[in-house]
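In: sequence plus the predicted model coming up.
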Amino acid sequence: MTTHSEIHDDLSFEDSYNFAYLDEQTKRMIRRALLKAVAIPGYQVPFASREMPMPYGWGTGGVQVTAACLVPDDCVKVIDQGADDTTNAVSIRSFFERTAGVATTEKTTDASLIQTRHRIPETPLTEDQILVYQVPIPEPLRFLEPRETETRKMHALTEYGLMHVKLYEDISQHGHIATSYAYPVKVDDRYIMDPSPIPKFDNPKMDDCPALQLFGAGREQRIYAIPPYSKVKSLDFDDYPFSQLRAPETCAICGADDSYLDEMIIDDDGGRMFVCSDTDFCASRQNEQGFEPAEVAS
Amino acid sequence: MYVAVKGGEKAISNAHQWLAEERRGDPDLPDTSVAQIREQLSLSVARVMAEGSLYDPELAALAIKQSRGDLIEAIFLIRAYRTTLPRFGYSKPVDTEAMRCKRRVSATFKDIPGGQVLGSTFDYTHRLLDFKLMAEGDVPKAEAGTPTDGPMPHILSLLNKDGLIQDEISSDAEPGDLTREPLSYPADRAVRLQALARGDEGFLLGLGYSTQRGYARNHAFVGELRIGFVTVEMSIPELGFSIEIGEIEISECETVNQFQGSKSEPPQFTRGYGLVFGQQERKAISIALVDRALRWRELGEDDLGAAAQNEEFVLSHCDNIQATGFVEHIKLPHYVDFQSELELIRQIRRDALMLEAGE
C-alpha cells in the first residue's frame, strides 16, 4: 500500500496546487456565477462554495472570487478595515503570492484587483480595476426574516415593505436610521442589496463607480455584483435623506478632513486621536506633503 | 505619540512558530506517531473522517496530530484538503445488508436472524478510571470467536413483510451532492442525510435529545444498529462493469417510530435512518432521530415549531466548520464598523440630551 507520506514527499506546496489554489473546474463554476451576477445587478447567485484553507468568516467568499478572476499579470492589493498591514490582509495577500505568484501592492492606483473587508478605498477606482468584497451575511433582509425560503420570495416579488417599515421605526424611535454600516442599497432600481459591512460613509462610492464590484459570501454560498457605472442608491426617505457619517475630526497624521477615521485610545484617561482608516491614502498624503510615513514600532 | 498598528506579518510568523512548539509539547517526551493516533485514538479518527467527509484514517490521524487534538480543527484540515481532490466519479450505493458486522444489535427483538452481536462497546463497562493504563503495558489478546456466517437481513425489512412499517420509497434518481451544488430549500431526504452525516456530532446529539424530551416527540426504538465493513464498488464506463475499489467501516442505525397514523395514512410504524463513517453509534442514532423529525411534512404530521423539525434551521447550522468560522470571526478586527456605531450613538445621544435640555 502506498502511503500518503510517500506520495507527498517530493511535492512542495506550490507544486501540489493549481494556479491561484482552486482547480479549473471550480473556477469555471465560479466564473459562471459571476457572469450571472453581473447580468442581474444586485441579485444573489447561489454557488457551490468550496472549503478554503482559511476559516469561514475570514473572507473565503472573497478569496474564491479573487482566485477565479486572477490572471498571472494581475497586481493584487488586499485591505482589511482599510489597512494593508492588518493580520488578515497580510495573510490573504501572502496566500495569493504563494499560490498564484502574482505581483502585490499596497498602492490603490497600482492594483488591478483589490480584495477588501469592510472598506472602499478613498482613492477613486478606475475602469481597469476590480473590487472584491468579503461578505459575511449577503442577505439584507436576513435580520428581518431569518428564513431563506421567505427572503428569496421577497426579492423575487420586490416585496421590500418590511425593510421600509424597519427604517421608519428607527426614525420614530431614534430620530435617525439606526444603521451605520452594512447600510442597505438598491441596485439598478431593482434589488435591495447588502453592501457588506462597510461604513455607510463608503456607500456613495458604489454609485456610478467605473470599477467592477464583485461580492463573495463563502459560507452562505452566494455571489453578487455591481457592474461598472451602475446606479446604487442608499435606502432613505424624502424627508430623511441618506447622509454619510464620519468622526468630525481631522487625521492626526496627514491632516485629511474628508477621509474615514479610526479612533485610537491613547492613554488611560480616555484621551483619543483620529487617523485615516485607509493606510495607503494616508501614506500618499504624507508623501505629497513631504512627511515620512509613520514609523513601524519595534 | 501615535504608534502605527503594523507588524502583522512578523506577528503571524512568530505565532506560527510558537504554535508548532506548543503542539510538540515537552521535547524530552517521545513524539506521537500518526500510526499511534490512527490505532489508539480510532474513535477520534472516525469522527474526523465523518465530519471531514473523507474516508482516510491516515490523513485523519495526521490532522488530529497537527491540530493538537482539537477535532473541529482536524475536521477543517481534512475538509480543506478534500476540496482540492479531483472527482473521478461516484461509487455505487453500498449494500449494508452484506456488511461484515463487528457489532449488530436490535432493541426491538430479543433474537433475530443472524443473531445479536455485541462487539467492542463501552456500553457495559463500568466507567472507572483504569489506572493501569498510566503505566505502559500490553493488553492480553481477546479470545477470538467464529464470525457469524450467513445473511444478516435488516430487521425492519422483516417487519415490513406484514405491512406494519412504512415502506421506504425506492428511487434510482441520482442523489444530489452538497459539496458540488449549493444547498437549497426544501432539500430532499438524500441531501438532508448527507448534511447530517457530516454535521456536528454534538449539535445533532442535542437536537436528537430534544425530540426525546418532547420537542417534536416521535418516540423511537432502535430497530437495528450495525457497525462493520462494506465493500465500495464503482462502475468504470471504459470497462462496462463495476469493480471493488476498497472497503470502509460504517455505522448504520434504523429506528422504529411511533405509529401515529395521520389524515391520509392508517396507523403504521415509521422510520428514521442514520448512516455515518466509522464506529460512531451516538452519531448514527442522533441522525436517525433528527431524520425522523424532519420527515413531518412527508408523513402528514403537524409542524410543532420544534427545532428538529425545521429543515432550514437544522441544515444551516449543523456544519461545524461553517459554525466555528462564523462564531470565531467576530474576534477579527471590526474597528471600522465599530467606529460607525460609535459616531451614530454619539449623534443619537446628543440629540436626546439637547431635546431634554430644551424641555
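Out: That came through fine. Residues are numbered from 1 along each chain as shown, chains lettered A, B, ... in the order given.
In: which bits of the stretch 101-250 of chain A sit near chain B?
Out: Contact residues (Cβ under 8 Å from any Cβ of the partner chain) of the stretch 101-250 of chain A with chain B: A:118-119, A:136, A:147-149, A:174-176, A:178, A:180-182, A:197-201, A:219, A:221, A:245-247. (Each C-beta comes from the backbone N, C-alpha and C, glycine too.)
In: filter these to the buried ones?
Out: Neighbour counting with 16 or more other Cβ atoms under 10 Å in any protein chain shown marks A:118-119, A:136, A:148, A:174, A:176, A:178, A:180-182, A:197-201, A:219, A:221, A:245-247 as buried within these.
In: buried residues, the host helix or strand of residue B:350. List them.
Out: Residue B:350 belongs to helix B:335-358 when assigned by DSSP states H and E. The neighbour-count check on helix B:335-358 (16+ other Cβ under 10 Å) flags B:335-341, B:343-344, B:347 as buried.
In: also stretch B:88-105?
Out: Quick answer for stretch B:88-105 (16+ other Cβ under 10 Å): B:94, B:96, B:99, B:101-105.
In: show me the shaky parts of the stretch 1-150 of chain B.
Out: Within the stretch 1-150 of chain B, the set of residues satisfying pLDDT under 70 comprises B:1-7, B:147-149.
In: show me where it has strands.
Out: Under the criterion DSSP state E, counting those that start in this stretch, the stretch 1-150 of chain B contains strands at B:100-105.
In: all helices in it, in order from the N-terminus.
Out: Along the stretch 1-150 of chain B, the stretches classed as helices by DSSP state H, counting those that start in this stretch are B:8-24, B:34-40, B:42-52, B:57-66, B:71-82.
In: over to the stretch 51-200 of chain A?
Out: For the stretch 51-200 of chain A, the helices defined by DSSP H, counting those that start in this stretch cover A:60-69, A:87-100, A:148-156, A:161-174.
In: which of those helices is buried the deepest?
Out: When you average the neighbours per residue for each of these (mean count of other Cβ atoms under 10 Å in any protein chain shown), helix A:60-69 leads with a mean of 26.
In: return the distance of it from the chain's centre.
Out: When C-alpha coordinates are averaged (Cα atoms, centre = their mean, to the nearest Å), helix A:60-69 and its chain have centres 11 Å apart.
In: and stretch A:247-254, by the same measure?
Out: The answer for stretch A:247-254 is 23 Å, by Cα atoms, centre = their mean.
In: repeat that for stretch B:71-84.
Out: In terms of Cα atoms, centre = their mean, the centre of stretch B:71-84 is found 14 Å from the chain centre.
In: so what's residue A:253 closest to, chain neighbours aside?
Out: residue A:275 (5.3 Å; Cβ to Cβ, 6 or more residues apart in numbering or on different chains).
In: so where's the stretch 251-359 of chain B uncertain?
Out: Along the stretch 251-359 of chain B, segments meeting pLDDT under 70 span B:259-265, B:359.
In: spell out which parts of it neighbour chain A.
Out: Counting by Cβ under 8 Å from any Cβ, the stretch 251-359 of chain B comes close to chain A at B:312, B:316, B:321-322, B:324-330, B:332-337, B:339-344, B:347-348, B:351.
In: cutoff 7 Å now
Out: Listed as neighbours of chain A in the stretch 251-359 of chain B under the rule Cβ under 7 Å from any Cβ of the partner chain: B:312, B:321-322, B:324-326, B:328-329, B:332-333, B:335-337, B:339-344, B:347-348, B:351.
In: now the helices of the stretch 51-200 of chain A as a markdown table including mean pLDDT?
Out: Shown next, in a markdown table, are the helices of the stretch 51-200 of chain A (pLDDT from 0 to 100):
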| stretch | mean pLDDT |
| --- | --- |
| helix A:60-69 | 97 |
| helix A:87-100 | 93 |
| helix A:148-156 | 96 |
| helix A:161-174 | 93 |
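In: closest to residue A:286 out of those helices?
Out: Residue A:286 lies closest to helix A:87-100 among the helices of the stretch 51-200 of chain A, at 19.8 Å (Cβ to Cβ).
In: could I get the helices of the stretch 1-150 of chain B as CSV with distance to chain A and mean neighbour count?
Out: Below are the helices of the stretch 1-150 of chain B laid out as CSV (distance: least, Cβ to the nearest Cβ, whole Å; neighbours: other Cβ atoms under 10 Å in any protein chain shown):
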stretch, distance to chain A, mean neighbour count
helix B:8-24, 4, 12
helix B:34-40, 8, 16
helix B:42-52, 9, 24
helix B:57-66, 6, 23
helix B:71-82, 4, 21
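In: distance to residue B:271 added to these, as CSV?
Out: Formatted as CSV, the helices of the stretch 1-150 of chain B follow (distance: least, Cβ to Cβ, whole Å):
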stretch, distance to residue B:271
helix B:8-24, 44
helix B:34-40, 34
helix B:42-52, 21
helix B:57-66, 30
helix B:71-82, 29
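In: out of these, which is closest to residue B:251?
Out: For these, the distance to residue B:251 is smallest for helix B:42-52, at 8.4 Å, taking Cβ to Cβ.
In: how many other residues sit next to residue A:104?
Out: Residue A:104 has 17 neighbouring residues, counting by other Cβ atoms under 10 Å in any protein chain shown.
In: go ahead and confirm it touches residue A:97.
Out: Yes: the pair residue A:104 / residue A:97 is scored as a contact, 5.8 Å apart, by Cβ atoms under 7 Å.
In: coming back round to it: mind checking which of the helices of the stretch 51-200 of chain A is nearest residue A:283?
Out: Per Cβ to Cβ, nearest to residue A:283 of these: helix A:87-100, 14.7 Å.
In: excluding sequence neighbours, find me the nearest residue to residue A:18.
Out: Spatial nearest neighbour of residue A:18, chain neighbours left out: residue A:24 (6.6 Å); criterion: Cβ to Cβ, 6+ apart.
In: pLDDT score for the one you found?
Out: With respect to pLDDT, residue A:24 has a value of 91.
In: other SSEs contacting the helix with the most length in chain A?
Out: Ordering each helix of chain A by length in residues (DSSP state H) puts helix A:24-39 first. Applying 3 or more Cβ pairs under 7 Å, 6 or more residues apart in numbering or on different chains; DSSP states H and E, we find helix A:24-39 packed against strand A:45-46, helix A:60-69, strand A:222-226.
In: gap between residue A:210 and residue A:127?
Out: Distance of residue A:210 to residue A:127, computed by Cβ to Cβ, to the nearest Å: 4 Å.
In: shared neighbours of these two, anything?
Out: residue A:228 (Cβ atoms under 7 Å, 6 or more residues apart in numbering or on different chains).
In: and the spatially closest residue to residue A:36 that is not a sequence neighbour, what does it touch?
Out: Distance criterion Cβ to Cβ, 6+ apart; nearest residue to residue A:36, sequence neighbours excluded, is residue A:45 at 4.9 Å. Shown in contact with residue A:45 (Cβ under 7 Å, 6+ apart): A:33, A:36-37, A:222-224.
In: and residue B:186, what does it touch?
Out: Residue B:186 is in contact with residue B:311, counting by Cβ under 7 Å, 6+ apart.
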